[in-house]
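1. starting from these lines, generate the structure:
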Amino acid sequence: KLITMLKKILILVAGWCITTNAFVAQPRSNIATLQHKVNSREQYANPSISKSQEYQKYSSTTQLFSSQEETPKTSSNFNLDLILRKATTIFPLWVLAACVLGLKTPAALAWVNQGQLIEMMLALVMIGMGMTLQKKDFTSVLSKNWSSIPLGVICQFGIMPAAAWFIGSKFLLGVDPSLFLGLVLVGCSPGGTASNLVCFIAGANVALSVLLTTFSTILASAATPLLVKYLVGGTEIMVSGIALCRATAKVVLGPVLLGMLINTKLPKISKSISRFTPFASVLLVAIICGGVMTSNAPALASIGAGVVPAVVGSVFLTHGIGFLAGYAVTKFIGRKNKTTARTISIETGMQNSALAVVLAQSIGAPPLAALPGAISALMHSCMGSILASYWSRKNGGSTLAIDDRGFMYEI
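-> Sure, this is the predicted structure:
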């Protein structure tokens, strides 16, 4: 039944990705189109910048498309970036396909669960995120919108753990305590790297998104073990806080710091690699989720058909509360603008589910404890993509151009 459900979701998401143009921004090839774009929509990031300034800022870069001398190299880079971005933005399909493969043909992904491969793959994702961090990208946020950072962190480690504990205690604790532990691990995990991509698609504040992901990831080394220990302390589940701290530091804090060090000491190499890290991260997370489904295939067959909807429904409600409450708290209590509210909503609703999977395995929990994390990776990817598509349409779509370094940016 779970395979049938995943196949139906796969077909729906595939149809959505194919029929909508919200995921794939179309490049503009001349300055006239660019000027029309700038004049026809609100300023994207800084309302204090006039339209003439905005046009002047991007017009010189857009000339790359019409320059005969630069066209071959720039066009090639741009096409490759578009391909990578298209492949990255359909990350729900990759996760769905891996989960279906893991359940349908467990032998195909059985190798993922050998040794410490899952921990190594997640560490690579964290290194890739660290390699994208640059000081200049965050100067504006830290100087003009710094109060959004503690607000976002509070939503991340306040709303999601509370939602996971409440829903898990109502629907999963009586079914299997391991599933309850897995959902709490999801709720107490930091923001996921996919949230940065979703913020880009939604037209939210990408720099703030990366900052929130970074801060929550670093704080997770202490916050995640403490929260999990506190929330499951009143149950029969035994969790070692020391083991959680050790595992979190091993797969999160250390790799992120290593990535930042590479970016600082070897910027050219880091820039070249960072071009491919979003898509590579999506594939690695998909493989991790598929491997978890493979290891849980026998257990799923034995727990009964009624348990699967309970797990899927609990994960859906947890993330739904995160998206909704994150937006409401930021907009109506924090008094922030829509762009900031959307950013914090995405950061709150999208968790580092792969970390929840790795932590469940690292602390010696039963195999079923990793199942909510695998389903969560699929669930929040689909929910975040749909939400990003909706907000992108409200923004009027997006346009891509290339800067003087060969990187894409949104107009």
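2. ok, now how distant is S274 from D81?
-> Taking C-beta to C-beta, to the nearest Å as the measure, S274 falls 12 Å from D81. Yep, even glycine has a C-beta here, placed from its N, CA and C like the rest.
3. the two: which is more packed in?
-> The neighbour comparison of S274 against D81 (other C-beta atoms under 10 Å) goes to S274, with 21 against 17.
4. I figured the more buried one was touching I127, is that so?
-> No. Contact criterion C-beta atoms under 8 Å: S274 and I127 do not qualify, at 10.5 Å.
5. ok, now which ones touch I118?
-> Residues near I118 by C-beta atoms under 8 Å, 6 or more residues apart in numbering: V112, I288, G291, V292, V357, V358, Q361.
6. ok, the fifth one touching G373?
-> What that stands for is V357. Yes. V357 lies in contact with G373 (C-beta under 8 Å); the separation is 3.9 Å.
7. neighbour-wise, which of the two wins?
-> Taking neighbours as other C-beta under 10 Å, V357 and G373 compare with V357 leading, 31 against 28.
8. got the contact list for the more buried one?
-> With contact taken as C-beta under 8 Å, 6+ apart, V357 is in contact with I118, I288, C289, V292, A370, G373, A374, A377.
9. the same query, at a cut-off of 10 Å, please.
-> In this structure, V357 makes contact with 118-119, 122, 182, 185-186, 189, 285, 288-289, 291-292, 295, 369-374, 376-377, judged by C-beta atoms under 10 Å, 6 or more residues apart in numbering.
10. report the contact partners of T318.
-> Contacts of T318 (C-beta under 10 Å, 6+ apart): 159-168, 183-184, 186-187, 349, 351, 372, 376, 379-380.
11. just the ones of those in helices?
-> 159-168, 183-184, 186-187, 349, 372, 376, 379-380 (DSSP state H).
12. if we can go back for a sec, mutual contacts of S274 and I127, please.
-> Residues touching both S274 and I127 by C-beta under 10 Å, 6+ apart: G259, I262, N263.
13. burial measure for the closest residue to the last one other than its chain neighbours, as a count.
-> Excluding the flanking residues, the one nearest N263 by C-beta to C-beta, 6 or more residues apart in numbering is S270, at 4.2 Å. The number of residues packed around S270, counting by other C-beta under 10 Å, is 23.
14. how near is S270 to S392?
-> Distance from S270 to S392, by C-beta to C-beta: 29 Å.
15. now do the strands in the stretch 251-400 of the chain.
-> 399-402 (DSSP state E, counting those that start in this stretch).
16. would you show me how to pick out the buried ones of the ones in helices among the contacts of T318 in PyMOL?
-> In PyMOL syntax, the buried subset of these is picked out as below (16 or more other C-beta atoms under 10 Å):
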select buried, resi 159+160+161+162+163+164+165+167+168+183+184+186+187+349+372+376+379+380
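17. now name the helix or strand holding A87.
-> helix 71-89 (DSSP states H and E).
18. any idea which helix or strand comes after that helix?
-> Tracing the chain past helix 71-89, the next element assigned as helix or strand by DSSP H and E is helix 91-104.
19. residues contacting G174?
-> With C-beta under 10 Å, 6+ apart, G174 has these contacts: F180, A310.
20. can you classify it as helix, strand or coil?
-> coil (DSSP: H, G, I helix; E, B strand; the rest coil).
21. now it: phi and psi?
-> The phi/psi pair for G174 (degrees, to the nearest 10) reads phi -80, psi -20.
22. ok, it to I333 distance?
-> On the measure of C-beta to C-beta, G174 and I333 end up 34 Å apart.
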